[in-house]
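Visitor: No sequence on hand, only this structure:
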């Protein structure tokens, strides 16, 4: 069972997909066609924010993080033709994690040879662990992935419900206001606020599950 953790940060991440029913395997086939700019644009929208947040979580400055993300994208473009999609083995996301991890390893290895900071040393040691070792890196990667799925789901569901229903959900589940306060603000009954929140929450869970199935 998946439980969503609501906070305002989700609303700051907008990652829309042109084809929400397209499976990850289908997108990967399209990416192998270097001339399919729409597929690459979708890939950037789906994974760009996630990659950037993950890289930044390692302590990199904005410019360095942006450079790392761009390099990861280039490596994906070079290697995508050799990827054999296998959802049972983690699929594309696991493959992308490996590419990102390797690029970060190179980055911190280079820094460790110069004037490394305490964080540089800690990150290099973490990245030096065996690839199959469960550690903070993988946990952070999964956290960013679920955050991205939540952002996509929220964008989709927001367009699928009445504005008042979404606002009732947002003011209670995201902004943390009481149902009584929101009912007064929106001129709705307290019961209607609870119903709206429950309805949107159910839709969001279903949408996240659908997105996970399509990965």
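Guide: Noted; the coordinates are in hand. This structure is a prediction, so every number in the text was calculated from the model and none was measured.
Visitor: switch to C-alpha atoms for all contacts and neighbour counts from now on
Guide: Noted.
Visitor: what helix or strand does the residue most central in space within the chain sit in?
Guide: In the chain, the C-alpha nearest the mean C-alpha coordinate belongs to residue 148, at 2.5 Å (C-alpha atoms, centre = their mean). Per DSSP states H and E, residue 148 falls inside helix 136-158.
Visitor: So which elements touch that helix?
Guide: Helix 136-158 sits against helix 9-12, helix 37-56, helix 190-213, with contacts defined as 3 or more C-alpha pairs under 8 Å, 6 or more residues apart in numbering; DSSP states H and E.
Visitor: measure the residue nearest to the centre of the chain to residue 154 for me?
Guide: Distance of residue 148 to residue 154, computed by C-alpha to C-alpha, to the nearest Å: 10 Å.
Visitor: likewise residue 174?
Guide: Remark: distance between residue 174 and residue 154 (C-alpha to C-alpha) = 11 Å.
Visitor: The two - which one has more neighbours?
Guide: Between residue 174 and residue 154, counted using other C-alpha atoms under 10 Å, the more crowded position is residue 154 (26 against 17).
Visitor: one step back: could you identify which of the helices and strands packed on helix 136-158 is most buried?
Guide: Across the helices and strands packed on helix 136-158, averaging neighbours per residue (mean count of other C-alpha atoms under 10 Å) puts helix 37-56 on top, at a mean of 19.
Visitor: avg pLDDT for it?
Guide: The predicted model assigns helix 37-56 a mean pLDDT of 88.
Visitor: quick one: that helix to helix 136-158, angle?
Guide: Helix 37-56 and helix 136-158 meet at an angle of 130 degrees, taking axes from the mean of the first three to the mean of the last three C-alpha atoms, to 10 degrees as the criterion.
Visitor: following helix 37-56, which helix or strand comes up?
Guide: Note on helix 37-56: by DSSP H and E, the next helix or strand toward the C-terminus is helix 62-79.
Visitor: Sweet, I'm off.
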